[in-house]
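Novice: structural data only, the sequence is not supplied:
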């Protein structure tokens, strides 16, 4: 698994194959099939290895926000260490198999302790997992261009030459948004991390969940 992860770190997952792993280990490709049955199965193990231990330690009752915030940050740090796995996360259903059921149990326990119950518990769980995976997957996604420098130059020039009359808000905010906002960037998170936006994003998600809890409690009083 270490050899496979190292190859993906170096070449990206699109250019990764079982033959590459076999060559790296100095064995025949058929030897790899003693350990995994397919490329997808190997990728699941690679994702599991890359993400490592995501689960924060227990916190006192009532600190569910802090626990979820630490979970989000652990996930982001793991992907930042291995950004070439980002395209596999969320976009490939096989990535689900890499998620530790212990983590799922811990998230459910945290949400239940916060006050989410029954059907709402499942909806909020889906919100948490989407929040954890979605931003980071976009932040660290690569563009996959063969001639990266030329591709980046073309995109940068395209944004710099936007018509001010047609795109007044975009051109007015371009200085702040260039390479610091989704869509309006040409470098990935390994070169231009979006840490402040990530922190704000987490606060928005958690504030929304907290307001929902408060609303549910108010409804129950009526």
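Specialist: Okay, I see it. Since the model is a prediction, treat every value here as computed from it, not as a measurement. Residues are numbered from 1 along each chain as shown.
Novice: count the neighbours of residue 77 for me.
Specialist: Neighbour count for residue 77, taken as other C-beta atoms under 10 Å: 12. To be clear about C-beta, it is placed using only N, CA and C from the backbone, and glycine gets the same treatment.
Novice: what about it, which helix or strand?
Specialist: helix 64-81 (DSSP states H and E).
Novice: ok, residue 39 - contacts?
Specialist: Residues in contact with residue 39 (C-beta atoms under 8 Å, 6 or more residues apart in numbering) are 17-18.
Novice: no wait, residue 178
Specialist: Contacts for residue 178 (C-beta under 8 Å, 6+ apart) come out as 156, 159, 184-185.
Novice: and the strands in the protein, which stretches?
Specialist: Applying DSSP state E to the chain gives no strands.
Novice: so which of the contacts of residue 178 is the most crowded?
Specialist: residue 185 leads the contacts of residue 178 on contacts (other C-beta under 10 Å) with 21 neighbours.
Novice: skip the chain neighbours and tell me the closest residue to that residue.
Specialist: residue 179 (4.5 Å; C-beta to C-beta, 6 or more residues apart in numbering).
Novice: in terms of secondary structure, what does the longest helix seen in the chain contact?
Specialist: The helix that spans the most residues within the chain, counting by DSSP state H, is helix 195-221. Under the contact criterion of 3 or more C-beta pairs under 8 Å, 6 or more residues apart in numbering; DSSP states H and E, helix 195-221 touches helix 64-81, helix 118-139.
Novice: so which of these is the most surrounded?
Specialist: Greatest average neighbour count among the helices and strands packed on helix 195-221 goes to helix 64-81 (a mean of 18), per mean count of other C-beta atoms under 10 Å.
Novice: and stretch 151-158, average pLDDT?
Specialist: Mean per-residue pLDDT for stretch 151-158: 83.
Novice: list the buried residues for it?
Specialist: Across stretch 151-158, burial judged by 16 or more other C-beta atoms under 10 Å covers 152, 155.
Novice: for the residue nearest to residue 138 when sequence neighbours are not counted, give me the pLDDT.
Specialist: Nearest residue to residue 138, sequence neighbours excluded (C-beta to C-beta, 6+ apart): residue 182, at 5.9 Å. pLDDT for residue 182: 91.
Novice: for residue 182, grab phi and psi.
Specialist: Residue 182 has phi and psi values of phi -60, psi 140 when expressed as degrees, to the nearest 10.
Novice: what residue ranges in the chain are flagged as low confidence?
Specialist: By pLDDT under 70, the weakly predicted segments of the chain are 91-98, 143-148, 216-222.
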